[in-house]
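K.L.:
Got a sequence here, can you build the structure:
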Amino acid sequence: MVVNGAMFRDGDDLYIYEGRLPGLGAEASSSLWKYTNSTSTWGQDITWTHADPSLPNRVSRGAGVTMGDRGVGVYLGGARIFINDSATPKTGNWIYPSEEQLTTFDLRTKNRTTTGLPDAQKRAGAALGYLPIGSEGAIIGIGGTLENSRIRDTGSVSDISRENFDSDDLNFSPMQRVWIMDLATRKWYSQSTFGQYFPDERMEHCIAVASAPDNSSHNIYMFGGSSGSSFLNRKADKYYNELFILSIPSFRWIRRVFEASDNAPAGRVQHTCHVYGKNLLVLGGATLNNTNNCTWDELSILDMTTLTWRTDYSFSSAPYAVPELVMGSISNNGVVQSDPVNGWDDHDLQALFATSGNYKRSSGVSMVTIAAVAGGIAGGVILLVIIAAGVTHYRKRARHNRDRRILRAKTAYESSRYAQSYTGHDPSRDGGAMELHSSPSSASSNTFDHGTGYAHPGKLWRSSYYSTEIEDTDIEDREERVDDEAGLISNQVPPGYFELGAPHSPTRAERHELGGSGDLSESRIHESWGRTSPISSRHGTWR
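P.N.:
A predicted model of the protein is given here:
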């Protein structure tokens with residue numbers, strides 16, 4: 001079992017980087033383990049040893065994150081730990097923290113490079129996130145403990161035991177400041193933060209990043225962590241279970257406190273956070289009153305748009321929308337703040353964020369997943385949970401793609417029949433634009449702006465092709481309409497546009513869906529689908 005390692009991803013394959021191996025000595029080699037999804041097998045991909053043979057090789061209690069779909073993992077700080085599991089109490093020599101401040105690991109070439117941290121501050125127990133800004137993205141580090149200055153100045157760190165470590169030497173990284181590194185230039189920046197409430201200083205928490213579709217804001221969700229660790233001879237008197245969101249580029253902290261009725265997970269440490277669509281998956285960790293000190297079989301899911309918790313996972317294709325709680329703090333009359341509340345600490349950092357809107361993410365899972373996968377309390381078990389969720393997703397996505405092909409053919413037939421009598425709006429004239437407008441009658445409804453990615457109360461979608469107003473909840477009601485014979489799942493989204501194509505004859509299942517008659521008149525189409533599809537006077541296929 002790997003304890004407090006990091007998890008990286010390259011395509012469908014997953015990797016466990018470093019971490020402590022209970023029961024093995026200080027001479028145990030550093031390693032990268034690989035899970036090959038296509039063969040469902042584990043293997044030790046590569047091993048290496050420290051340049052100084054007198055020091056423990058393996059690093060743990062750092063923070064890791066994968067750089068999009070580039071096949072590169074980044075590991076921040078950590079400590080070289082060896083604990084003699086056969087001794088009572090368990091003791092061992094250790095280094096606090098690691099001298100390798102930030103390590104970049106190319107999962108494809110197996111090349112490792114190290115980069116110093118700003119102000120020579122080495123960290124343990126921090127959290128790391130990936131930001132889609134600049135030409136190659138950036139990483140952001142939040143929280144954790146800083147290297148003790150006395151230890152750094154004396155340089156005598158090769159034989160410091162846990163029993164001899166003074167908890168007063170422990171310094172936390174303040175939450176009033178965060179560090180960001182441009183991955184293209186390897187330059188570090190610091191930026192002050194702002195908020196009505198600041199998070200307490202903490203370690204062994206987790207963060208995950210969810211960006212608005214237009215990249216106008218990047219929202220960093222932070223959950224858990226503690227005020228100390230027995231590992232550092234400072235007993236943790238607080239395990240945090242409130243949610244904090246750092247929205248950037250305004251760099252404003254927003255707090256969400258949960259009541260008992262909200263079913264929020266208990267405060268914890270050494271857990272992991274993963275973004276999947278609009279969901280934040282919180283896996284594992286240790287809780288304050290857990291007698292086994294390990295809850296790695298527990299899964300909690302936060303809807304990052306509604307900020308509500310649940311414990312069951314169900315697939316949803318709904319996109320992420322910035323919560324109203326956040327929008328109320330970072331916008332003015334609907335315009336998102338593009339600058340920090342207290343101004344930029346570095347104009348070069350401002351220039352880096354200026355390219356945020358032009359950043360193009362790679363294709364694949366990272367389109368919906370920007371996951372900060374920090375070290376888990378039982379990395380192997382957590383990995384299997386993620387693999388199971390991934391397999392479920394791919395199966396559902398394959399079925400969804402098959403059903404969309406059926407839907408396209410069906411829509412093409414409907415449009416070709418209806419086009420003979422249609423003389424209304426031609427979508428080719430305006431590109432089929434959608435517009436959003438307010439409706440006094442729907443003040444209590446929450447809808448999603450597909451153009452900006454923000455949730456707006458009391459608004460309705462109106463297609464520029466038709467005068468018919470369609471509530472977003474109507475779309476959700478039709479999200480899974482299953483035809484027993486064709487296996488059709490109709491995902492109703494605002495209409496797109498048409499390309500030239502051949503008309504399609506309806507199958508028996510399709511005629512059944514339309515009431516059995518095959519009548520594709522305007523009234524029948526409206527009755528069956530809630531609205532028509534955009535068409536012109538030429539046959540087309542759904543795009």
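K.L.:
which residues touch the nearest residue to residue 126 once chain neighbours are set aside?
P.N.:
Closest residue to residue 126 apart from its sequence neighbours, by CB to CB, 6 or more residues apart in numbering: residue 144 at 2.7 Å. In this view, the C-beta of every residue, glycine as well, is placed from N, C-alpha and C. Neighbouring residues of residue 144 by CB atoms under 8 Å, 6 or more residues apart in numbering: 63, 77, 123-127, 172-173, 203.
K.L.:
what do you get if the cut-off is 7 Å, keeping everything else the same?
P.N.:
Contact analysis of residue 144 by CB atoms under 7 Å, 6 or more residues apart in numbering lists 77, 123-126, 173, 203.
K.L.:
distance of it from residue 65?
P.N.:
Distance of residue 144 to residue 65, computed by CB to CB, to the nearest Å: 14 Å.
K.L.:
per-residue confidence averaged over whichever strand or helix holds residue 328?
P.N.:
Element membership for residue 328, per DSSP states H and E: helix 324-330. Averaging pLDDT along helix 324-330 gives 93.
K.L.:
Equivalent analysis for stretch 138-157, please.
P.N.:
Averaging pLDDT along stretch 138-157 gives 66.
K.L.:
How about stretch 339-354?
P.N.:
For stretch 339-354, the mean pLDDT works out to 93.
K.L.:
Show residues contacting it.
P.N.:
Under the criterion CB under 7 Å, 6+ apart, residues 133-134, 138, 180, 182, 189-192, 194, 249-252 lie in contact with stretch 339-354.
K.L.:
list the helices and strands the helix holding residue 328 packs on?
P.N.:
strand 243-248, strand 252-256 (3 or more CB pairs under 7 Å, 6 or more residues apart in numbering; DSSP states H and E).
K.L.:
now the last one and strand 243-248, what's the angle there?
P.N.:
Which is strand 252-256. Interaxial angle, strand 252-256 versus strand 243-248 (axes from the mean of the first three to the mean of the last three CA atoms, to 10 degrees): 160 degrees.
K.L.:
just checking, what packs against strand 252-256?
P.N.:
strand 194-195, strand 243-248, helix 324-330.
K.L.:
quick one: strands adjacent to the shortest one?
P.N.:
Under the criterion DSSP bridges, strand 194-195 sits next to strand 252-256 (parallel) in its sheet.
K.L.:
May I see the buried residues of the partner strand?
P.N.:
Judged by neighbour count (16 or more other CB atoms under 10 Å), strand 252-256 contains these buried residues: 252-254, 256.
K.L.:
Equivalent analysis for stretch 306-315, please.
P.N.:
307, 309, 313.
K.L.:
My guess is residue 288 contacts residue 241. True?
P.N.:
No - between residue 288 and residue 241 no contact is recorded; they are 9.8 Å apart, counting by CB atoms under 7 Å.
K.L.:
Find the residues that touch each one of the two.
P.N.:
The contact sets of residue 288 and residue 241 overlap at residue 267 (CB under 7 Å, 6+ apart).
K.L.:
Show the contacting residues for the residue nearest to residue 204 when sequence neighbours are not counted.
P.N.:
Distances taken as CB to CB, 6+ apart place residue 269 nearest to residue 204, at 3.9 Å, with adjacent residues excluded. Residue 269 makes contacts with 204, 224-226, 239, 285-286, as judged by CB under 7 Å, 6+ apart.
K.L.:
can you rerun that using 6 Å?
P.N.:
204, 226, 285-286 (CB atoms under 6 Å, 6 or more residues apart in numbering).
K.L.:
Return the set of residues that bridge with it.
P.N.:
Residue 269 has these beta-bridge partners by DSSP bridges: residue 286.
K.L.:
Relative to residue 202, how far out is it?
P.N.:
As for residue 269, its distance to residue 202 is 9 Å (criterion: CB to CB).
K.L.:
Please apply the same query to residue 44.
P.N.:
In terms of CB to CB, residue 44 sits 33 Å off from residue 202.
K.L.:
What of residue 58?
P.N.:
Residue 58 sits 24 Å away from residue 202, taking CB to CB as the criterion.
K.L.:
repeat for residue 130
P.N.:
According to CB to CB, residue 130 stands 20 Å off from residue 202.
K.L.:
So for these two, which sits in the more crowded spot?
P.N.:
A direct count of neighbours by other CB atoms under 10 Å for residue 130 and residue 202 places residue 202 higher, at 28 against 22.
K.L.:
Tell me if I'm right that that one and residue 222 touch.
P.N.:
No - if you go by CB atoms under 6 Å, residue 202 and residue 222 don't touch, sitting 8.7 Å apart.
K.L.:
got any ranges where this protein has weak pLDDT?
P.N.:
Residues of the chain meeting the criterion pLDDT under 70: 1, 23-26, 51, 54-55, 81-100, 119-121, 147-170, 230-234, 289-297, 356-543.
K.L.:
Name all residues that make contact with residue 12.
P.N.:
residue 37.
K.L.:
and it, backbone torsions?
P.N.:
Per-residue torsions, residue 12: phi -90, psi -10 (degrees, to the nearest 10).
K.L.:
do residue 42 as well
P.N.:
Per-residue torsions, residue 42: phi -100, psi 150 (degrees, to the nearest 10).
K.L.:
And for residue 6?
P.N.:
Dihedral angles for residue 6 - degrees, to the nearest 10 - are phi -130, psi 160.
K.L.:
and of the helices and strands packed on strand 252-256, who's closest to residue 103?
P.N.:
Taking CB to CB, strand 243-248 is the member of the helices and strands packed on strand 252-256 nearest to residue 103, at 24.3 Å.
K.L.:
contacts for that closest one?
P.N.:
By CB under 6 Å, 6+ apart, the surrounding residues in contact with strand 243-248 are 199, 217-223, 253-256, 326, 330.
K.L.:
Now do stretch 310-318: distance from first to last residue.
P.N.:
Its first and final residues considered, stretch 310-318 spans 16 Å by CA to CA, to the nearest Å.
K.L.:
same question, stretch 115-125
P.N.:
18 Å.
K.L.:
buried sites along that stretch?
P.N.:
For stretch 115-125, burial by neighbour count (16+ other CB under 10 Å) applies to 117, 121-125.
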